[in-house]
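Asks: how would this look folded up:
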Amino acid sequence: MRNALRNSAKKCRPRNRCALKYTPTGFTLIETIIYIGLLSIILSGTLVAGYYIIDGSEHIKQKIAIDAEANFILRKIDWALTGISAINSPAAGTAGASLSVTKLGLGNLDFDISTGNLRLNATPLNSSSVTISNLSFEHIAEVGKKPAAVKASFEVNGRTFETTKYLRK
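Replies: Model prediction:
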């Protein structure tokens with residue numbers, strides 16, 4: 001301990017002024033600018049990622065809504081074609097934008113399209129959030145042992161859906 005005091009005393013004699021050492025305790029301007037830049041890059045990346053996550057979830061919700069509407073319409077067509085006694089239009093071997101069948105116990109069921117809505121006996125089957133287009137019903141004639149069928153196809157907001165229902169007697 002004495003040696004340490006002697007050494008320090010030798011260094012700080014009145015002839016040799018002791019130099020005060022400056023020890024920086026803050027940030028320099030350059031360091032501050034670099035840290036702000038890094039922070040802004042991280043925040044910008046987080047905001048962009050959040051935007052794409054939210055936008056992707058909206059796109060998925062829209063796709064689910066389209067699929068739900070299309071599946072409902074496909075099930076309704078399948079229900080209408082189950083247990084029918086006659087296909088009134090279109091004629092066998094032809095296709096058209098409307099379908100008219102006679103169902104046992106219910107009478108005539110007519111499918112058509114009007115202003116983006118698929119209608120069953122003038123009642124819209126789809127909601128206002130989707131648009132139906134390119135509706136086509138094809139009456140496939142009975143050939144040998146192969147029964148007659150109806151092939152229905154339509155687009156919901158640009159996505160194509162189709163089904164074929166074979167008619168058993």
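
Asks: And the pLDDT at the most centrally placed residue in the chain?
Replies: What sits nearest the mean C-alpha location of the chain, by Cα atoms, centre = their mean, is I60, with 2.2 Å. Predicted confidence (pLDDT) for I60: 90.

Asks: Surely it is within a strand?
Replies: No - assessed with DSSP: H, G, I helix; E, B strand; the rest coil, I60 is helix; it does not lie in a strand.

Asks: That one and N121: what is the separation?
Replies: 34 Å (Cβ to Cβ, to the nearest Å). (C-beta placed from N, C-alpha, C; glycine too.)

Asks: do V48 as well
Replies: 50 Å.

Asks: Have a look at those two and say which one is more surrounded.
Replies: Ranked by neighbour count (other Cβ atoms under 10 Å), V48 and N121 place N121 first, with 13 against 10.

Asks: How about the contacts made by the more buried one?
Replies: By Cβ atoms under 8 Å, 6 or more residues apart in numbering, N121 lies in contact with N108, L109, D110.

Asks: Need the buried ones from those selected in ChimeraX.
Replies: The buried subset of these, as determined by 16 or more other Cβ atoms under 10 Å, is captured in ChimeraX by this line:
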select :109
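
Asks: which element is the nearest residue in space to L109 that is not next to it in sequence on?
Replies: Leaving aside its sequence neighbours, L109 sits nearest to A80 (Cβ to Cβ, 6 or more residues apart in numbering; 4.9 Å). Applying DSSP states H and E as the criterion places A80 in helix 29-81.

Asks: what packs against the helix or strand that that helix is followed by?
Replies: Scanning forward in sequence from helix 29-81 by DSSP H and E, the next helix or strand is strand 84-89. Where contact means 3 or more Cβ pairs under 8 Å, 6 or more residues apart in numbering; DSSP states H and E, strand 84-89 is packed against strand 99-103.

Asks: where are the low-confidence patches of the chain?
Replies: 1-24, 169 (pLDDT under 70).
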